[in-house]
Structure formats: C-alpha cells, structure tokens
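Asker: next input, structure requested:
(one chain, ligands or ions: 1)
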Amino acid sequence: MPRLYPYALLLVLFLSLPALANRFANVEIKATPLADNLYMLTGSGGNMAALVTDKEVILIDAQYAELADKINAKLSELSAGKQLGTLINTHMHGDHVNGNSALMPKRIIAHDNVLTRLTADTAFPRTGLPTETFSKQLSLSGNGQTVRLEYLPPSHTDGDIIVWFEQDNVVHMGDMLFEGRFPFIDLNNGGSVRGYIANVVYVLNVIDEQTKVVPGHGELTDKAGLQRFHQMMVKTLALVEQQQAKGLSSEQIVAAGLGDEWLNWHWNFITEERWINTLLQAEPITQ
Ligand SMILES: [Zn+2]
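Answerer: Predicted coordinates for the structure are as follows:
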C-alpha cells in the first residue's frame, strides 16, 4: 500500500509537533514595572527588560524564537502599539538570543565577541546576528532616559554587557547575576571565575540601596541581594581553596560538598557538584 506512506509520514509529523511546541505552550510573558515605561519581562529563559520611548521599544534580550509572538504582543500592549525597534543582547547564550530573528527588531546591538561567536555558530539564523557591535561602551537615549551599555571583562562569557537605565537607577546585569542560585560560568566561551566575582564587586561599588537590580535568572533584587550573591561566591571559593591547600583531590572536595549553608543555591542546571567543579577551575592568582 505505497499510497498510504505520505499519510503515515504526516501522522508522525503531526504527533511530534505538540511535543516540540509543548515546552513553550503554557509560558506566559509577565511584565513587572520598574519605573515609568520600564519593565522587567519574564517568560522562559533569561529575564528581559523593556523600555518604551516616544519612538520605539528597546528590549534587552530575546529568550526563545517560539516565544517571539507572545513577547511582541506584550511589548505592543505595554507601548500602546509601538514596534520593537532596538534589541540588545547581554551575551551569546541561546536563552538570551534565540528569539533575535523571530522578534524582527529593526536593529540588534551586542558586544563584538557576541557577533564573533554567533557568526561561528552555523546553525544560528543569519537574520538574528547583531547588526551593530561595540567594544567598551555605548549609550542610547529616548524619553530623556539614557540607556548605557557597558562591557565588563570576561566573566560569564567573554562578551557580557550590563545595561544601565541611568535616570531610573535600574541595572540589567544579564547573566552576571543568578539571583539566589549558583551561577553558570561558561569557561568554554571565555568565562572566568575570578573575573565574574570581580565584576560583581565592580557593580556593588557603583549602585546604591535604591538601585533595582534585574538578574539574568531569578527574581528582581537589589544591592543587598547582589551582596548575598557575592558572599556566596567568595565563601564557597574560599572553602574549595582551603580544601585544595589541605591536599584534597577534586573528587574528595566534590564528595565533601559545601555544607548546609548553601543548599538553597543548588538548582537543576548548576548543582552543588557543578558549582564546585567550576570553582575548582578558578584561575590561580598571579601577582
Ligand atoms: Zn548565559
């Protein structure tokens, strides 16, 4: 019955489509107001932020292509029908850039290294590549608001920027902050444990008690939240280093764990074991 074959194939396709779509089917894009015309947006993937100016919507990070229609609908709702003009990528990870092309912004801004790494990824849609890049700093303005993009040295990857909404005293830290959980430090994409901690210290020294701090993952927080994150990293790194100094092997250090104090920071992506293994790869201090 060769004529049935195409129908069988269609049936297989039809049955597999819901499985593919499922992961995002029930995801809702939620907006939390941060200031006038400025919002934190959550869905699935890295937290986003949106600023509505008199001309356009500026969006920080893109989550996944499958969510692009829902994200654009939310932006339209928040802006009384304005279009997404400028998309900014904090760094190159899929949960922050996968939606680049599908969101159809007028331009995409990122650090130079993001363009280099995404270009090297042949599976990444060319229409989603950054259209404008910079090496150190770039400022945009709209509605009397200055949006300052600042590159910080290698930390989570080698292409991370943070975004300052100057007048509103809000900072989007991208994945330089995983609020309340062990961070992912992508050593294969130019990340650095000590660079990561140093960048958090840098931000702590610039912000004040009123600053609203948007993390790449986790809940909206503030300076105290960033301090807790910093303390967790400093203390767990010190613990691992003490055990290394005692001559324990990596396996022994992982087996010993970090103790009860940090249990709540463990999550499915960066488990305690994975965090210890990251700390074990901290660069030696050279003076
Ligand atoms: Zn990331």
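
Asker: tell me who's in contact with Ile58.
Answerer: Ala50, Leu51, Gly85, Thr86, Leu87, Ile88, Leu140, Gly142, Val147 (C-beta atoms under 8 Å, 6 or more residues apart in numbering). Any C-beta I mention is one placed from the backbone N, CA and C, and that applies to glycine too.

Asker: ok, now with 10 Å
Answerer: By C-beta atoms under 10 Å, 6 or more residues apart in numbering, the residues touching Ile58 are 38, 49-52, 75, 84-88, 105, 109, 140, 142-143, 145, 147, 163, 165.

Asker: just the buried members of those residues?
Answerer: Neighbour counting over the contacts of Ile58 (16 or more other C-beta atoms under 10 Å) leaves 38, 49-52, 75, 84-88, 105, 109, 140, 142, 145, 147, 163, 165 as the buried ones.

Asker: start and end of stretch 205-224, how far apart?
Answerer: Start and end residues of stretch 205-224 are separated by 12 Å (C-alpha to C-alpha, to the nearest Å).

Asker: how far off centre is that stretch?
Answerer: Per C-alpha atoms, centre = their mean, to the nearest Å, the displacement of stretch 205-224 from the mean C-alpha position of its chain is 14 Å.

Asker: near the ion at all, that stretch?
Answerer: No: applying C-beta under 5 Å from the ion, one finds stretch 205-224 out of contact with the ion, separated by at least 6.1 Å.

Asker: please identify the buried residues of that stretch?
Answerer: For stretch 205-224, using 16+ other C-beta under 10 Å, the buried residues are Ile207, Thr211, Lys212, Val213, Val214, Pro215, Gly216, His217, Gly218, Leu220, Thr221, Lys223.

Asker: contacting residues for the closest residue to the third one other than its chain neighbours?
Answerer: It refers to Lys212. Spatial nearest neighbour of Lys212, chain neighbours left out: Val170 (4.5 Å); criterion: C-beta to C-beta, 6 or more residues apart in numbering. Shown here is Val170, whose contacts under the criterion C-beta under 10 Å, 6+ apart are 34-35, 38, 40, 49, 51, 145, 147, 163-164, 207, 210-214, 220.

Asker: can you report how many residues lie near Asn47?
Answerer: 28 (other C-beta atoms under 10 Å).

Asker: might one say that it is in contact with Glu179?
Answerer: Yes: between Asn47 and Glu179 there is a contact under C-beta atoms under 10 Å: 9.0 Å.

Asker: shared neighbours of these two, which are they?
Answerer: Any residue near both Asn47 and Glu179 by C-beta under 10 Å, 6+ apart counts here, and that gives Met173, Val214, Pro215, Gly216, His217, Gly218, Glu219, Leu220.

Asker: redo those as TSV? Include secondary structure.
Answerer: Converted to TSV, the shared contacts of Asn47 and Glu179 look like this (DSSP: H, G, I helix; E, B strand; the rest coil):
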residue	secondary structure
Met173	coil
Val214	strand
Pro215	coil
Gly216	coil
His217	strand
Gly218	coil
Glu219	coil
Leu220	coil
